[in-house]
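Asks: need a 3D model of the sequence below.
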Amino acid sequence: MAPKRNNMIPNGHFHKDWQRYVKTWFAQPMRKKRRHETRVKKARAIAPRPLGALRPVVRCPTRRHNTKVRLGRGFSLQELKEAGIPKKFAGTVGICVDHRRRNKSVESLQLNAQRLKEYKSRLILFPKNKKKTVAGEAKPEEIKMATQLKGTIMPLKAASKREKARPITEEAKKFQAFGALRRAYADIRLQGARDKKAKEQADKKDDE
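Replies: Residues are numbered from 1 along each chain as shown. All right, here's what the predicted structure looks like:
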């Protein structure tokens, strides 16, 4: 039946090769199974060594996120030195090392050095030669106690401190959080210039 009245002329495109643009993912369940089997095989092969490696506690970059902590890439050479662990030995006992990392605060250095010392105290080091053990290697009784750790080694504990309910004071109502932060950032940024100016003024007075 012919179309009536002043309508749009039908111009349907029904011969597109749509099969070329469709991507299927039927292999997903089998891949999942294969990955799991590979993990199990690896765990059995390296047992009783842990599956993961020890990583340091680091702060997220930029001032927006630096209040959060997470696990980093590897321990710095300074942290290993503080804990008394040689860098070549660290890799053999499941400790990640990142030679590019630098410690910018004493707190982070002490925290990760303490983390390493705690890990070292828990470590059961199997002897290379069963007939002749070296100092620091485990005794036969300790070897029997060894179990394989799964998941993250020494994971971060969520230290969420809940604030107690309190009445809102007039001082709290007047407090401008954004302005206070901006002033604090400005004080840090301009600290050097202000010190320099104060020193110059003090020198001028001495000359007079």
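
Asks: for the rest of this, base every contact and every neighbour count on C-alpha atoms.
Replies: OK.

Asks: list the contacts of the closest residue to Val134 other than its chain neighbours.
Replies: Closest residue to Val134 apart from its sequence neighbours, by Cα to Cα, 6 or more residues apart in numbering: Pro127 at 7.2 Å. Contact analysis of Pro127 by Cα atoms under 8 Å, 6 or more residues apart in numbering lists 133-134, 137-138.

Asks: if you rank the residues you listed by neighbours, which is first?
Replies: Most neighbours among the contacts of Pro127, by other Cα atoms under 10 Å: Ala138, with 17 neighbours.

Asks: before we move on, back to that, ok, which pair from the contacts of Pro127 is furthest apart?
Replies: Largest separation among the contacts of Pro127 by Cα to Cα: Val134 and Ala138, giving 8.8 Å.

Asks: residues of the host helix or strand of Phe89 that come out buried?
Replies: Element membership for Phe89 (DSSP states H and E) is helix 87-92. Across helix 87-92, burial judged by 16 or more other Cα atoms under 10 Å covers 87, 90.

Asks: what secondary structure does Val58 sit in?
Replies: strand (DSSP: H, G, I helix; E, B strand; the rest coil).

Asks: can you give me the strands for this protein?
Replies: 57-59, 69-71 (DSSP state E).

Asks: so what's the residue count around Trp25?
Replies: Neighbour count of Trp25, defined by other Cα under 10 Å: 6.

Asks: taking the centroid of this protein, which residue is nearest it?
Replies: Leu71 (2.5 Å; Cα atoms, centre = their mean).

Asks: quick one: contacts of the helix or strand of the chain with the lowest mean pLDDT?
Replies: Least confident helix or strand, the chain: helix 140-145 with a mean of 85, by mean pLDDT, DSSP states H and E. Here helix 140-145 makes contact (Cα under 8 Å, 6+ apart) with 124, 126.

Asks: try 6 Å this time
Replies: The contact list for helix 140-145, computed with Cα atoms under 6 Å, 6 or more residues apart in numbering, is empty.

Asks: that older thread, if I look at the nearest residue to the residue nearest to the centre of the chain once chain neighbours are set aside, how far off is Ser76?
Replies: Among residues not flanking Leu71 along the chain, Val57 sits closest, at 4.8 Å (Cα to Cα, 6+ apart). Using Cα to Cα, to the nearest Å, Val57 is found at 11 Å from Ser76.

Asks: repeat for Gln19
Replies: Distance from Gln19 to Ser76, by Cα to Cα: 53 Å.

Asks: the more surrounded of these two?
Replies: Ser76 (21 against 7).

Asks: so who does the more buried one touch?
Replies: So Ser76 contacts 98-99, 101 (Cα under 6 Å, 6+ apart).

Asks: how many neighbours does Asp195 have?
Replies: Residue neighbour count, defined by other Cα under 10 Å, stands at 11 for Asp195.

Asks: check Phe75 too.
Replies: Applying other Cα under 10 Å, we find 28 residues neighbouring Phe75.

Asks: quick check: bridge partners of it?
Replies: Beta-bridge pairing of Phe75 under DSSP bridges involves Val97.
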